[in-house]
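Peer 1: generate a structure from the sequence data that follows.
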Amino acid sequence: MRTARTAIIASQPRLTSPFPSAAGELAIRNTVSTCDCLEVSLDQTKLQPGQGTHLKLKIHTRTRRGRVIEKIGIRSNDPSGPKTLTVGFEVQEDLAAVPDRLYMGFAKPGQAVRKYVRIVAHADVQTKVLYAISSTNGLVGRVIETAVSKGRPAKLEVEFTAPSQPGTYRGSLTITTAHAGKPNIHLPVVLCVTRAVTVTPDRLDFGRFAHGNTPSTTIMVKTAPGTKLQAVTTKSKLVDVELGPADTEGAVPVKVSARKDTPPGPFSGELQLRLAGQEEAALPVPFEGQVVCR
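Peer 2: Just a heads-up that it's a prediction; the model follows:
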């Protein structure tokens, strides 16, 4: 779920009795949440076998910002013990960059890569984007469209000229606006410089999918002679990675699957492509998605 700051939002996931027919009623004793920002109420506290009810959740975003994951414990007479419901939501700033982390992809040494970023308003804000300052050599941000309001984004062109040496380069832009509440937006920028590998696509988006599902997507990694793909790793516990055999052109398929226990809410992370041979490197490929309750 996404919401503006200081808002109150509501959701109604469903709870069903796990008891088989004639096994007696499910009696819900109480619910406990990990944050007082969550209010939980039930239409019914006693359910017959096969019967269900809705948990009514009211979320007070208050001063929370960014992505938030909380849990609700449900205690009952179920002999298997308490149940846990994971609740994910995102509290948006008045102004934000979309995307909020810019991956420039893969480039050859010396190549200039350009991408665009939108500055969006999530509340009743009308202001201007003034300029962008870079912390990194070769990284430039140019304001293309200055005015920003709800429904009308500003536009920023980002150009990153790849250094001469292969590797992963991380920099940032500070985008300054005329908004009194949040004059500056921090935008991390990542560029992979390589002579020896091509990656298609250079980022993964699982989109929206129901909790408990395991959607998968595949990237193709092709290396130049003298360099090989040694491994693909990730620190994230949200996805599983599987390497397939190379095709006739030498490209290795890398299947990436969201795990069944990925909690509801937005998620993101990075794969690391580890190269061995003439070019030794660990190059990131980002992934993201949104898990929704059934």
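
Peer 1: burial count for Gly212?
Peer 2: Gly212: 12 surrounding residues under other Cβ atoms under 10 Å. Placement of C-beta: from N, CA and C, glycine included.

Peer 1: numbering from 753 from now on, please.
Peer 2: Sure, I'll start counting at 753 from here, so that last one is Gly964.

Peer 1: now do the SS call for it.
Peer 2: In three-state terms, and counting by DSSP: H, G, I helix; E, B strand; the rest coil, Gly964 is coil.

Peer 1: in contact with the closest residue to it other than its chain neighbours, which residues?
Peer 2: Among residues not flanking Gly964 along the chain, Lys1012 sits closest, at 5.9 Å (Cβ to Cβ, 6 or more residues apart in numbering). Applying Cβ atoms under 8 Å, 6 or more residues apart in numbering, one finds that Lys1012 lies in contact with Gly964, Asn965, Thr966.

Peer 1: what is the mean pLDDT for stretch 793-806?
Peer 2: When pLDDT is averaged over stretch 793-806, the result is 83.

Peer 1: before we move on, what about stretch 883-899?
Peer 2: 95.

Peer 1: in that stretch, which residues are buried?
Peer 2: For stretch 883-899, a neighbour-count test (16 or more other Cβ atoms under 10 Å) marks Ala884, Ser886, Leu891, Val892, Gly893, Val895, Thr898 as buried.

Peer 1: and stretch 836-852, by the same measure?
Peer 2: 837-849, 851.

Peer 1: related to what we said a few turns ago, mind picking the two most distant members of the buried residues of stretch 883-899?
Peer 2: Leu891 and Thr898 (20.3 Å; Cβ to Cβ).

Peer 1: where does the stretch 853-1002 of the chain have low pLDDT?
Peer 2: Along the stretch 853-1002 of the chain, no part satisfies pLDDT under 70.

Peer 1: touching stretch 915-922 from outside, list them.
Peer 2: In contact with stretch 915-922 (Cβ under 8 Å, 6+ apart) are residues 861-862, 888-890, 912, 914, 940-948, 1031, 1033-1036.

Peer 1: narrow those to those that are buried.
Peer 2: 912, 914, 941-946, 948, 1031, 1033, 1035-1036.

Peer 1: which one of these is nearest Leu794?
Peer 2: Pro1036 (44.1 Å).

Peer 1: host element of the closest one?
Peer 2: Pro1036 is part of strand 1033-1044 when elements are defined by DSSP states H and E.

Peer 1: packing partners of that strand?
Peer 2: Applying 3 or more Cβ pairs under 8 Å, 6 or more residues apart in numbering; DSSP states H and E, one finds that strand 1033-1044 makes contact with strand 854-859, strand 919-929, strand 936-945, strand 949-952, strand 956-962, strand 1004-1010, strand 1017-1029.

Peer 1: now the fifth one, how far from the chain's geometric center?
Peer 2: Between the centre of strand 956-962 and the centre of its host chain there is 10 Å, according to Cα atoms, centre = their mean, to the nearest Å.

Peer 1: now the buried residues of stretch 836-852 as a markdown table including distance to Gln1042?
Peer 2: Shown next, in a markdown table, are the buried residues of stretch 836-852 (distance: Cβ to Cβ, whole Å):
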| residue | distance to Gln1042 |
| --- | --- |
| Leu837 | 17 |
| Thr838 | 14 |
| Val839 | 14 |
| Gly840 | 9 |
| Phe841 | 11 |
| Glu842 | 9 |
| Val843 | 15 |
| Gln844 | 14 |
| Glu845 | 18 |
| Asp846 | 22 |
| Leu847 | 22 |
| Ala848 | 16 |
| Ala849 | 18 |
| Pro851 | 14 |
